[in-house]
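*Asks:* Just need the structure, nothing else, for what follows:
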Amino acid sequence: MPSPRTRPATVLLLASALAVAGLGGPAAAPAAAATVPVGNGSYSDTRPPGTSGPTTNTGTPVTPKVTAAAKDRPVPTNDWWSSLAFQRYGDNPYSTPMYGHPLTYQATSGGLDVGYPTSPAIVGDGRQYEYAHKRDLTIGLTGLNSPDTKADDWSDWTVTPYWSDGARTLRTTIGHGSPFVYAKGSGGNAQITTANAPAVFADQGNVLGITVAGHHYALFAPSGSDWNVAGSTVTAGLGSKDYFSVAVLPSTGALATFKKYAYSFVTGSKVTWNYSGGTVGATYTLTTEAKEGTERGTLQALYRHQWLHTTDPLTSYTYVSPRGTMKVRESASFTTSQKAAAALPALPKSNGVDTARLRGYLNDVVNASDPFSGAADTYWTGKALGRLAQLVPVADQIGETAVRDRMLGLMKGKLQEWFTAGGANEFSYDKDWKTLTGYPASYGSDTELNDHHFHYGYYVYAAAIVAQYDQAWAAESAWGGMVETLVRDTANPSRSDTAYPFLRGFDVYAGHSWASGHQGFAAGNNQESSSESTNLSTALILWGSATGDTSLRDLGTFLLTTESESIAQYWFDADEQVFPSSFGHDTAGMVWGSGAAYSTWWTANPEEIHGINVLPVTGGSLHLGREKEAIRRNIAEMERENGGPAVEWRDLLWEFESFADPAAARAKWDAGHAGYTPEGGESKAHTYHWLTTLDTLGAPDATVTGDIPTSAVFTKGTTRTYAAHNHGATARTVTFSDGKTLSVPARSTATGTGTGSTDPDPDPDPEPPTGNTFQLRGGGVLTTATGGTAGSDIIASAGGANRDGTPYQPLVYEVRGVNGTLTPGAQTAFRLQVDAGTTVGLGQQARVSYDFTGDGSFDRTETYHYFATDPVTGWEEYTQARGLKATTGALGDLDGGTVRLEVWSAIGNGTAKLQTGTATSVLVIPYG
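*Replies:* Okay, the predicted model is just below:
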């Protein structure tokens, strides 16, 4: 069995994912190198002699395959469509299958192959499920025979491939969540070639409905055109126009709705995000242009991780995807809101730790003959840096300042070695691919542009810990400039940067990162170690917090929070709603564009399959504790597949178990800590501190959040412990969503049971409620319980914009598992106490939503007219008497249903307060 994270000569790959060819081949002769100074550091603009940059599988150097219009733009490698621009295989100048969801695509000489896979296949001895791309039809032009396909344009989750054979040109715009393909062509008629003779279910001249392989499609040509069907070839003249579109329909009955938006062509996509008071909000927007008429709206399908966290109305239309059901939104934008994932520099100090024992473990690390364990390449050096970085705050907690400073010195020395060009280790900039590659490279980080976020996340994390203790070292004019250069390569927040692409590896719509730089697999792109992706996000939070860059901190919080939900759903199937029933596993080691696999790149050992999405365990891993039942299923499967408890990666899997059952994990440590070898990024010092701390404080409690990203809550029994780290130069008070507060000194971590109001019942899964009157509680709870403690939540500002009718950073209160029979003639009622203080011109708005069966889809929404508060301090009462502004659906009985109340600022430029914990702020539902 291969050692952890050491890939054997023959890489374990799944049958349907294509074999990865050798990485070798001749290196391009380097030009004379120039050193580019960055503060005290530097990088080279030329690769070191004897090394390679991006190549084909046979070792031939390649440059981005883009049109002249895109030649100066940084190419976002590591995306769902990257094979359009990165020709990994010399005999394929088009693309490999690309998984946009719900549609799949592959570029060919005659145009764009399109499919809609709806039935999973189980392959690889039951270890992989996939909805593999299978062509239903090809979108092209009559006579088109292009020698290649290039990327012509792209935005956050859409891309435009380009074909030209000299006489004809074709562009198609495709994207995540889009049921449409938008085509523009010249030199030929629109041509759709189907995999078999289509069945026509609607013929309206320029609009044609066809069924191919059981999937329904609509073809839209310019007004005045007419589609002609001849066998498997469908054509339409474009006349003086150059556009047509194709859509996959959820049903034949949806044709009229899709026709409405068929000529509203998507031209771009953009996500924006914000962090406020423990909540991450995001808005996903498509830009469009009307090819005919004035309609500028569109339809887009939301992934599960998105629709779970939106209150925007959705249609009844759905699609099948490898990520579970996608739900359709009839709008050019939608918003999501999530409780922020926590990120601490380390677990806090607890009285459960034996200081003398921990001191011995720390000395074992710092006194090792080689604290970096012989690491030479970017990945293994990064892991060694991460191992030391985890222990610096731990040593500081027990007063071992000498050990702390020795570790900081080791980390600084190694970082500075890599951050200085010309030595045995350096970073080199590739002007063609606009990327920064560390040499010695590993795992295709040079020839395939793989894994930059995995590797460099460790460097940024280590630098963030150094910055916590030495702000001068982290200054941009010192070594911070090189840290920020690594950030620009892996997670660049700028779309206008001409040197690096926007968020290279993170797919904002898919909700997670991709690892392969070229995406050259039949199964699409992939990501194995989701936890190493979130390690970079955590590093951004800590680096941004330590250096005062709140914009970067908030980016990290958005990335970590978003990916945490994707990991829960797509790697761990937390709700058991994503993996097909025929896939006999409770976890996936790897997620592919086409599905997921119970595997890793280098071994079939269950410990590594289950552990690869856990490492490294840090203060940014606490989000894993949100899904405790999934962890228990995960550990149980690992032990079944393994024939017993973990052996090789026992430390990682003990730590994983501690997110759900700290006492059980601690007991395993007590019974088995002697004589084992820590995983490559772990140490006995860290594992002991982690397990004993969580055994003392309890598991992470994600139901409560603090108003800074570097805060967390732990629950043991009925006792909550609040923790926060203050990177700032002055003391601050952190306020938690249950009303508790914690005073945190400057540049320190504090813990305590908190002061102030809190929900008297911390159970996140309460018994089904009785009665129809619900009080509001801090932490987003609706409860029929009485006797609460008066408190208040802050309603975020509308930011000077008009938010009337559309929730913007709303306060969300929810109760689940509600059973009730609709009372004839009754209506929703509420009394909400609000206070705008002395701010002029504010208005608060409420929406009440009902999900009748608790399936995650709201069947009835009621948006009320906003209430204009006065600029006088004191509570005012907002009730349903303001009247309904808008509704969707009709009321029905509740059977295990969900009721949600949202309150937000509809107008104004200032915050307001909403009273909680009293009988004067209530929601009354019309049920018996």
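
*Asks:* Which helix or which strand is home to residue 871?
*Replies:* Using DSSP states H and E, residue 871 maps to neither a helix nor a strand.

*Asks:* That one and residue 802, how far apart?
*Replies:* Look at residue 871 and residue 802: by C-beta to C-beta, to the nearest Å, they are 19 Å apart. C-beta: built from backbone N, CA, C; applies to glycine.

*Asks:* Got phi/psi on residue 607?
*Replies:* Main-chain torsions, residue 607, degrees, to the nearest 10: phi -60, psi -40.

*Asks:* Quick check on residue 254: phi, psi?
*Replies:* Here residue 254 shows phi and psi, under degrees, to the nearest 10, equal to phi -90, psi 0.

*Asks:* Model confidence for the nearest residue to residue 830 once chain neighbours are set aside, exactly?
*Replies:* Leaving aside its chain neighbours, residue 830 sits nearest to residue 923 (4.7 Å; criterion: C-beta to C-beta, 6 or more residues apart in numbering). pLDDT for residue 923: 94.

*Asks:* Tell me the bridge partners for residue 923.
*Replies:* Listed beta-bridge partners, residue 923: residue 774, residue 830 (assigned using DSSP bridges).

*Asks:* which residues sit in contact with it?
*Replies:* The contact partners of residue 923, by C-beta atoms under 8 Å, 6 or more residues apart in numbering, come to 773-774, 776, 782, 813, 828-830, 848, 899, 901.

*Asks:* cutoff 10 Å now
*Replies:* 772-776, 782, 813, 815, 828-832, 846, 848, 880, 899-901 (C-beta atoms under 10 Å, 6 or more residues apart in numbering).

*Asks:* Would you agree residue 178 is in contact with residue 300?
*Replies:* Yes: contact criterion C-beta atoms under 10 Å: residue 178 and residue 300 qualify, at 6.3 Å.

*Asks:* Which residues are in contact with each of these two?
*Replies:* What both residue 178 and residue 300 touch, as defined by C-beta under 10 Å, 6+ apart, is the set 157, 266, 269, 286, 509.

*Asks:* which among those residues gets closest to residue 136?
*Replies:* residue 266 (20.8 Å; C-beta to C-beta).

*Asks:* The residue nearest to residue 830 and residue 205, how far apart?
*Replies:* The value you get for residue 923 to residue 205, if C-beta to C-beta is used, is 52 Å.

*Asks:* swap in residue 392?
*Replies:* 71 Å.

*Asks:* Then residue 128?
*Replies:* 45 Å.

*Asks:* Show me which of those two is the more surrounded one.
*Replies:* When residue 128 and residue 205 are compared for neighbours, residue 128 comes out ahead with 27 against 12, by other C-beta atoms under 10 Å.

*Asks:* how about that one, what does it touch?
*Replies:* Residue 128 makes contact with 14-17, 120-122, 523, 583, 585, 588-590, 592, 594-599, according to C-beta under 10 Å, 6+ apart.

*Asks:* List only buried entries from those residues.
*Replies:* Applying 16 or more other C-beta atoms under 10 Å to the contacts of residue 128, the neighbour count classes 14, 16-17, 120, 523, 583, 585, 588-590, 592, 594-599 as buried.

*Asks:* hey, which helix is longest across the chain?
*Replies:* In the chain, taking DSSP state H as the definition, the longest helix is helix 378-397.
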